[in-house]
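Engineer: when you get a sec, could you give me coordinates for this:
(one chain, ligands or ions: 1)
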Amino acid sequence: TKLLEGKNIVVMGVANERSIAWGITKSLHNAGANLIFTNRQERSYKKLVKLLEDNGINAKLIVSCDVANDESIKEAFTKIKEEIGVIHGVIHSIAFAKREELQGDYADTSRDGFLLAQEISAYSLVAVTKAAKELMTEGGSIVTQTYLGSERVVPNYNVMGVAKASLEASVRYLAEDVGKDGIRVNAVSAGPIRTLSAKGVSGFNDKLHVIEEKAPLRRSVDQDQVGDATLFFMSDLSRGVTGEVLHVDSGYHIIG
Ligand code: 0WD
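Structural biologist: Modelled structure (predicted):
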């Protein structure tokens, strides 16, 4: 039997075929998981339906969920409970910051830009964990996506780096909360990957080139590598691991 046979997993954050969540979808599907998707916009709903069709993947359910809205999160997980029942995993692959805050000086970050980045990129994991754990009555695994800008000053990443630091701290506090229910919470810290969101970060291409030059593996990271690392976290192979941040970055983070 496959690693995730019989497991119901909710994937949040597929915007298009370049999305990290799409790489994850392929890995989880190949491992036999039953997949449920949430998406924010009508535009991405249509893209998702087409992507699934083109790749012969059958979604158990697609529900809309805007993580900026508590009511929307509640409705989404109520629908999942009604239609699916028990879930075993959640993929949180969502972040947002205003484009103008992803360049220049961090000191110029506005109050509302700071709060918005925290709300969508970090608090959303807290709210989603609270809603999802009610459906994880057989234990489970929650995985979010983070980036090195949380640990180091990465030029232009600015307000998002601070939001990712908050996200990673949340992973640890949440891991403690839900550990007693047999639920694990971890993060994957991927190297730069060309996606819709990445376009918003000024100087993104330079970051890609630095990985190819300086990372131990001398190559950039892709969605499929993140997908397979996430599969590890979703499966029983990682049953002894929680509260962890795993770097999938060709080893770049160890280089000074
Ligand atoms: O280099 C990169 N691309 C890296 C990305 C390196 C390391 C980490 N990450 C992280 C991102 O910060 C993010 O947390 O990976 C995660 C996914 O990012 P992505 O795959 O690069 O970006 P994208 O394809 O644009 O997907 C982001 C999703 C979109 O899905 P929808 O269905 O909404 O179009 O996050 C969604 C965004 O719209 N999103 C929201 N979803 C629900 N409610 C919201 C919201 N309020 N805001 C944004």
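Engineer: pLDDT on whichever strand or helix holds L61, on average?
Structural biologist: Using DSSP states H and E, L61 falls within strand 59-64. Strand 59-64 shows a mean pLDDT of 98 in the predicted model.
Engineer: that one and the ligand in contact?
Structural biologist: No: using CB under 6 Å from any ligand atom as the criterion, no contacts between strand 59-64 and the ligand are found, and the smallest distance is 8.8 Å. Glycine gets a C-beta too; all of them are placed from N, C-alpha and C.
Engineer: what pairs with that strand, and is each one parallel or antiparallel?
Structural biologist: Strands flanking strand 59-64 in the sheet, each with its direction: strand 34-39 (parallel) (DSSP bridges).
Engineer: what's the mean pLDDT across the strand it pairs with?
Structural biologist: Mean pLDDT, computed over strand 34-39, is 97.
Engineer: quick revisit: may I see the buried residues of the strand holding L61?
Structural biologist: Of the residues in strand 59-64, those with enough neighbours to count as buried (16 or more other CB atoms under 10 Å) are 59, 61-64.
Engineer: give me the contact list for it.
Structural biologist: Outside of strand 59-64, the residues within contact range by CB atoms under 8 Å, 6 or more residues apart in numbering are 8, 34-40, 45, 48-49, 52, 72, 75-76, 79-80, 83-84.
Engineer: picking that back up, what's the closest of the buried residues of strand 59-64 to the ligand?
Structural biologist: S64 (8.8 Å; CB to the nearest ligand atom).
Engineer: where does the prediction get shaky in this protein?
Structural biologist: For the chain, not a single residue meets the criterion pLDDT under 70.
Engineer: what residue lies at the spatial centre of it?
Structural biologist: Among the residues of the chain, S93 comes closest to the average C-alpha position under CA atoms, centre = their mean, at 2.3 Å.
Engineer: enumerate every residue touching the closest residue to it other than its chain neighbours.
Structural biologist: The shortest distance from S93 to any non-neighbouring residue, by CB to CB, 6 or more residues apart in numbering, is to G13 (3.4 Å). Residues in contact with G13 (CB under 8 Å, 6+ apart) are 19-21, 39, 91-94, 145.
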